[in-house]
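> Any chance you could fold what I've pasted below:
(one chain, ligands or ions: 2)
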Amino acid sequence: MALPFNQLVIASGNAGKLREIRHLLAPLDLEIIPQSALNVPEAEEPYCTFIENALTKARHASRHTGLPALADDSGLCVDALQGAPGVLSARYAGEPKSDARNNAKLLEVMQGLTQRQAHFYCVIVLVRHADDPEPLIAEGVWQGEILDSLRGEDGFGYDPLFLDAKTGKTVAELPLDIKSRISHRGQAMARLLHRLERLAT
Ligand SMILES: O=P(O)(O)OP(=O)(O)OP(=O)(O)OC[C@H]1O[C@@H](n2cnc3c(O)ncnc32)[C@H](O)[C@@H]1O
Ligand SMILES: [Mg+2]
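Numbers count the residues shown, from 1 in each chain. Ligands and ions are numbered 1, 2, ... in the order given. Predicted structure coming up:
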């Protein structure tokens, strides 16, 4: 597909996410540039919805670089916790961000709970310029359940606690290519690429 741009800034500072996004965008003929390479400072994420935060991150990176930018805002939503940690997933256990402390907190909060259903949610936003009135937006959801102990070494964030019902594995036990095919992020990116096709010449 021939896109109307050949460079794309990824508005994320999360190494695990960046690895997955690079993998998902690999089929495109695009130069992928992490925002850190262009000294974009981390954006504030003050909103209570994923979409508002994603839009803010994408516009922020685009404004700083003058390039098209893609942001991912995502998180884990636990049914029994009314959707927490939700938009606060990255900082559930406070500052500085720590996957290990977030997982420990989640285990503690869910101790003794039998209702363990949860989902990962991801929204991806692509703006062609900072004030783009028609950002491309796509979502994905991945249903699973929260285990009572950590399993697996791969991935990032809550992956060692999230059991995928279909494979019977935690996300941290799934290789990158399998996770990318079925994850919330993989689904969102597939939909985004579909929308990008309509822009392609
Ligand atoms: O905002 P950026 O810089 O992209 O990085 P971040 O880690 O702060 O990203 P978010 O604000 O979108 O928060 C997402 C958090 O949700 C969790 N999360 C999202 N996707 C995940 C996945 O695929 N596996 C495990 N945890 C995930 C993880 O704790 C992330 O830090
Ligand atoms: Mg963040």
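
> Give me the residue ranges of this protein where confidence is low.
Along the chain, the model assigns pLDDT under 70 to residues 201.

> so is the residue of it found nearest ligand 1 in a helix, a strand, or just coil?
Ligand 1 sits closest to Gly157 of the chain, with a gap of 2.3 Å, by C-beta to the nearest ligand atom. Backbone N, C-alpha and C define where each C-beta goes, glycine included. Applying DSSP: H, G, I helix; E, B strand; the rest coil to Gly157 yields a three-state assignment of coil.

> Mind listing what's buried along stretch 31-43?
Neighbour counts using 16 or more other C-beta atoms under 10 Å place 32-35, 40, 43 of stretch 31-43 among the buried residues.

> Redo these as CSV? Include secondary structure and distance to Leu106.
Below are the buried residues of stretch 31-43 laid out as CSV (DSSP: H, G, I helix; E, B strand; the rest coil; distance: C-beta to C-beta, whole Å):
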residue, secondary structure, distance to Leu106
Ile32, strand, 31
Ile33, strand, 33
Pro34, strand, 28
Gln35, helix, 28
Val40, coil, 30
Ala43, coil, 25
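
> of those residues, closest to Gly186?
Ile32 (16.4 Å; C-beta to C-beta).

> looking at it, the residue of the chain closest to ligand 1 is touching Leu106, isn't it?
No - Gly157 lies out of contact with Leu106 (C-beta atoms under 8 Å); the separation is 10.4 Å.

> Quick check: neighbours shared by those two?
Leu76 (C-beta atoms under 8 Å, 6 or more residues apart in numbering).

> for ligand 1, what are the nearby residues on the protein?
Within the chain, the positions adjacent to ligand 1 are 12-14, 17, 45, 72-76, 89-90, 102, 120, 155-159, 171, 183, 185 by C-beta under 6 Å from any ligand atom.

> The residues you listed in strands, which ones?
Secondary structure from DSSP state E places 72-76, 120 of the residues of the chain next to ligand 1 in strands.

> Need the max-distance pair from those.
Asp72 and Leu76, at 13.9 Å, using C-beta to C-beta across those.

> Which positions in stretch 11-20 come out as buried?
Neighbour-count burial for stretch 11-20 [16+ other C-beta under 10 Å]: 11-14, 17-18, 20.

> Nearest to Leu28 among these?
Distances from Leu28 to the buried residues of stretch 11-20, taken by C-beta to C-beta, are shortest for Glu20, at 14.7 Å.

> and the nearest residue to Glu44 once chain neighbours are set aside, what is it in contact with?
On the basis of C-beta to C-beta, 6 or more residues apart in numbering, the spatially nearest residue to Glu44 that is not a chain neighbour turns out to be Thr56, at 7.2 Å. Residues counted as contacts of Thr56 (C-beta under 8 Å, 6+ apart) are 43-47, 71.

> Sort out which of the residues you listed are buried, if you could.
43, 45, 71.

> Tell me who's in contact with the second one.
Taking C-beta under 8 Å, 6+ apart as the criterion, Glu45 is in contact with 53, 56-57, 73, 87.

> how about TSV for those, with secondary structure added?
Below are the contacts of Glu45 laid out as TSV (three-state DSSP):
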residue	secondary structure
Asn53	helix
Thr56	helix
Lys57	helix
Asp73	strand
Val87	helix
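
> Cheers, nothing more for now.
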